[in-house]
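Q: Sharing a sequence plus its predicted fold:
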Amino acid sequence: MSLSRREFGQILSLAAAGSMLPLTSRAESAIFDTAPFGQVRLMHITDCHAQLNPIYFREPNVNLGLYDAKGRPPHVVGASLLAEFGIKAGSPEAHAFTYLGFQEAARRFGKVGGFAHLKTLVDRLRGEYGREQTLLMDGGDTWQGSATSLWTRGQDMVDACNLLGVDVMTGHWEFTYLEDEIRANLERFQGEFVAQNVKVSEDALFEGAEAFDEDSGHAFKPYTIREMKGFRVAVIGQSFPYTPIANPARFIPNWTFGIRDGEMQELVNQVRADHQPHAVIVLSHNGMDVDIKMAEVVSGIDVIFGGHTHDAVPAPVAVNNAGGTTLVTNAGSNGKFLGVMDLELSEQGVKGYRYRLLPVFANLLDADSGMTQLITEIRAPYATQLNEELAVADELLYRRGNFNGTFDQVICDALRIQLNAQISLSPGFRWGTTVLPGDAITFDNVMDQTAITYPETYVRPMTGAEIKLILEDVCDNLFNADPFYQQGGDMVRVGGLDYVVNPMAEIGSRISEMRLDDGSVVEAGKSYLVAGWATVGSQSIGPHIYDVVADYLRDQKTIRIQKLNSPVIRGIGSNPGLANYLS
């Protein structure tokens, strides 16, 4: 009873039939066609990164999969992705799921996302089933990624999610606020927060730290059971397992994290024994490759609704394990998509499913008036600052991709020039919206790329050996052969520096031939002045990154990238996760 990839492509072709014309109501009926199937509808958003308004977001042309992941979704891009899922080139869906012809397609099809438009779609899809037969899940990275989320400490997104009707959520960047701020936001949140893999340390418990369950050590409720018109659906939470490594542990010193796949198996067994659910769902922020491995080693999970790696995957990946098959999904980022899975249930469990990852085209969905009013109220106190036009983009500015993006290069150039450094380093964050050529770059756009709770910059000397060690370490996080050792994100961005990368080599041997922009070799024992930001360990003391970038843009006035510091890639052969790569 499941929807095959071929059938999925046939459905998409209906929407593509009018693809030589602007989007119309005829196309709308096909794009959002979700005729009810079964008894329960599960909806999923993830990694919206606090984007309340519609945005542009370019999907990557580099998303390398290596070893067992080579050629397996999500590691297919461009034309390879279209072929994998039977999507017609030039269609609205081709624009939503790939980078192909992005600039022209973005002008043609318009912006995506926006909570007011998402609210309209969610309400429509709920109306086809009824409130008691639907569940809206949020995979996290919701309270971070914009100016207003930073300045309100995430409260703006809590209020927006309450109005949207989020029932269950888990987290990652939510943990980059302080513990008392997180707990205050969860008290304000009208849904449930679940996370089986976040524990309170023994020392913190001894000192009286708050816990959901002192005996198990769970900091939060590990799962919830939802009664849905005679059917029981269990939702287990899996927050980002590497939070204290990828982000500052100093903000949340009482909590420990991990993948904890063994404990996940025990919990799945316990939930099935205690509650006899008709479906067991994991709401995850592991990243898709980690979720696929978890689905291989943990049995008894029906569906993993995943996030963290921002992968927009049109159809689930079916993973076989000792107990049967687990479906793994990932619903993109920035409010651009809404995952919709309808389940046919029986006393024996899941009999069938239908899944659609719906692109939220803002010009095809009316803006919900209540959400529009809330967003206006949230942004009103900051409107003048947010709307300041700093410069004009003379080319497409985007972030997403394994090795570099043009907006990342702007940040790297700003660090080097404003802070008088030879080399700059910028984290490989996957959040950050896109600016089209000819459009103004506003302070709002800058905050979309830089709004974090540890924005301080640094300038300090590093030896060539130290710089290589940083690149090697991040490269191993990205390309380790074992998905459980991958932390997600992309390669650290560099400014003023070129190098060669061999992702298939062993750690310590992946990075070579480092040179400055003037061609001189970076020597292991020589010292270089390096600027950067987002220090995870001890706090830096330099000016905030968004102020550094804003000042740079004000000075430049027009932005065209003079040199994109992307590495030369060797050792991977042909790979469907690499297309139109310029180093």
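A: Thanks, I have it.
Q: Bridged to Arg41, which residues?
A: Thr134, Asp342 (DSSP bridges).
Q: quick one, what contacts it?
A: By Cβ atoms under 8 Å, 6 or more residues apart in numbering, the contact set of Arg41 is 125-126, 128-129, 133-135, 340-343. Quick note: C-beta positions are derived from backbone N, CA and C, even for glycine.
Q: same thing with Phe337?
A: If you count contacts by Cβ under 8 Å, 6+ apart, then Phe337 has 45, 96, 312, 331, 357-360 around it.
Q: can we see that at 7 Å?
A: Neighbouring residues of Phe337 by Cβ atoms under 7 Å, 6 or more residues apart in numbering: 312, 331, 357-360.
Q: now do Asn580
A: Per Cβ under 7 Å, 6+ apart, neighbours of Asn580: Asn61.
Q: That one in helix, strand or coil?
A: coil (DSSP: H, G, I helix; E, B strand; the rest coil).
Q: Next, find the distance separating it from Ala79.
A: 10 Å (Cβ to Cβ, to the nearest Å).
Q: can you pull the buried residues of whatever helix or strand Val459 lives in?
A: Using DSSP states H and E, Val459 sits in strand 457-463. Within strand 457-463, the residues that qualify as buried are 457-459, 462-463, counting by 16 or more other Cβ atoms under 10 Å.
Q: now do stretch 464-474
A: Quick answer for stretch 464-474 (16+ other Cβ under 10 Å): 464, 467-468, 470-472, 474.
Q: tell me which of those is nearest to Ala383?
A: Of all the buried residues of stretch 464-474, Val474 has the smallest distance to Ala383: 37.1 Å, by Cβ to Cβ.
Q: Number of residues surrounding the residue lying closest to the closest one once chain neighbours are set aside?
A: For Val474, ignoring the flanking residues on the chain, the nearest one in space by Cβ to Cβ, 6 or more residues apart in numbering is Val492 at 4.6 Å. For Val492, the count of nearby residues is 21 (other Cβ atoms under 10 Å).
Q: how near is Val492 to Leu358?
A: 33 Å.
Q: just for the stretch 201-350 of the chain, where's the confidence low?
A: For the stretch 201-350 of the chain, no stretch has pLDDT under 70.
Q: typo on my end, the chain
A: Low-confidence segments of the chain (pLDDT under 70): 1-29, 583.
Q: okay, now the domains of it?
A: 37-54+111-375, 387-569 (automatic domain parsing).
Q: first to last residue in the shortest one, what's the distance?
A: If I follow you right, that is domain 387-569. 39 Å (Cα to Cα, to the nearest Å).
Q: Ok, the first one next?
A: The straight-line separation of the ends of domain 37-54+111-375 (Cα to Cα) is 34 Å.
Q: Kindly present the contacts of Phe337 as JSON lines, with separate columns for secondary structure, neighbour count and distance to Leu150.
A: Listed next are the contacts of Phe337 as JSON lines, based on DSSP: H, G, I helix; E, B strand; the rest coil; neighbours: other Cβ atoms under 10 Å; distance: Cβ to Cβ, whole Å:
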{"residue": "Ala312", "secondary structure": "strand", "neighbour count": "23", "distance to Leu150": "25"}
{"residue": "Ala331", "secondary structure": "strand", "neighbour count": "26", "distance to Leu150": "24"}
{"residue": "Leu357", "secondary structure": "strand", "neighbour count": "25", "distance to Leu150": "29"}
{"residue": "Leu358", "secondary structure": "strand", "neighbour count": "21", "distance to Leu150": "29"}
{"residue": "Pro359", "secondary structure": "strand", "neighbour count": "23", "distance to Leu150": "27"}
{"residue": "Val360", "secondary structure": "coil", "neighbour count": "27", "distance to Leu150": "24"}
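Q: Of these, just say which sits nearest to Phe257.
A: Ala331 (22.1 Å).
Q: if I look at the spatially closest residue to that closest one that is not a sequence neighbour, how far off is Asp123?
A: Spatial nearest neighbour of Ala331, excluding adjacent residues (Cβ to Cβ, 6+ apart): Gly339 at 4.0 Å. Note on Gly339: its distance to Asp123, by Cβ to Cβ, is 16 Å.
Q: Comparing the two, which shows the higher neighbour count?
A: Using other Cβ under 10 Å, the more surrounded residue of Gly339 and Asp123 is Gly339, with 25 against 13.
Q: helix, strand or coil for that one?
A: strand.
Q: before we move on, what about the one 5 residues further on?
A: Classification of Glu344 by three-state DSSP places it in strand.
Q: shouldn't it be in contact with Phe231?
A: No: taking contacts as Cβ atoms under 7 Å, Glu344 lies outside contact range of Phe231: 10.3 Å.
Q: Need the residues touching each of these two.
A: Gln39.
Q: who has more neighbours, the two?
A: Phe231 (18 against 15).
Q: Who are the contact partners of that one?
A: Counted by Cβ under 7 Å, 6+ apart, Phe231 has contacts 39-40, 278, 345.
Q: Just name the closest of those residues to Ala50, please.
A: Out of these, the member with the shortest distance to Ala50 (by Cβ to Cβ) is Val40, at 29.1 Å.
Q: can you pull the contacts of that closest one?
A: 133, 228, 231, 233, 343, 345.
Q: which residues in the stretch 251-400 of the chain form strands?
A: 255-256, 279-284, 303-306, 317-321, 324-330, 337-346, 349-359, 389-393 (DSSP state E, counting those that start in this stretch).
Q: Out of those, which is the most enclosed?
A: Highest mean neighbour count among the strands of the stretch 251-400 of the chain (mean count of other Cβ atoms under 10 Å): strand 303-306, with a mean of 29.
Q: what's Asp448 sitting at in phi/psi?
A: phi -60, psi -30 (degrees, to the nearest 10).
Q: thought it was touching Phe429?
A: No: here Asp448 lies out of contact with Phe429, judged by Cβ under 7 Å, at a distance of 10.6 Å.
Q: Just want to know which of these two has more residues nearby.
A: Legend: neighbour count by other Cβ under 10 Å for Asp448 and Phe429, higher for Asp448 (26 against 22).
Q: that older thread, what's the closest of the contacts of Phe231 to Gln190?
A: Nearest to Gln190 among these is Val40, at 21.0 Å by Cβ to Cβ.
Q: Could you measure from the closest one over to Tyr129?
A: Taken as Cβ to Cβ, the span from Val40 to Tyr129 is 8 Å.
Q: got it, and Val319?
A: Taken as Cβ to Cβ, the span from Val319 to Tyr129 is 27 Å.
Q: Tell me which residue is most central in this protein.
A: His310 (3.3 Å; Cα atoms, centre = their mean).
Q: contacting residues around that one?
A: Contacts of His310 by Cβ under 7 Å, 6+ apart are 47, 332-333, 400, 430.
Q: Can you select the buried ones from these in PyMOL?
A: Of these, the buried ones can be selected in PyMOL as follows, counting by 16+ other Cβ under 10 Å:
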select buried, resi 47+332+333+400+430
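Q: Report the two of the contacts of His310 separated the most.
A: Checking these with Cβ to Cβ, the most distant pair is Asp47 and Arg400, at 11.4 Å.
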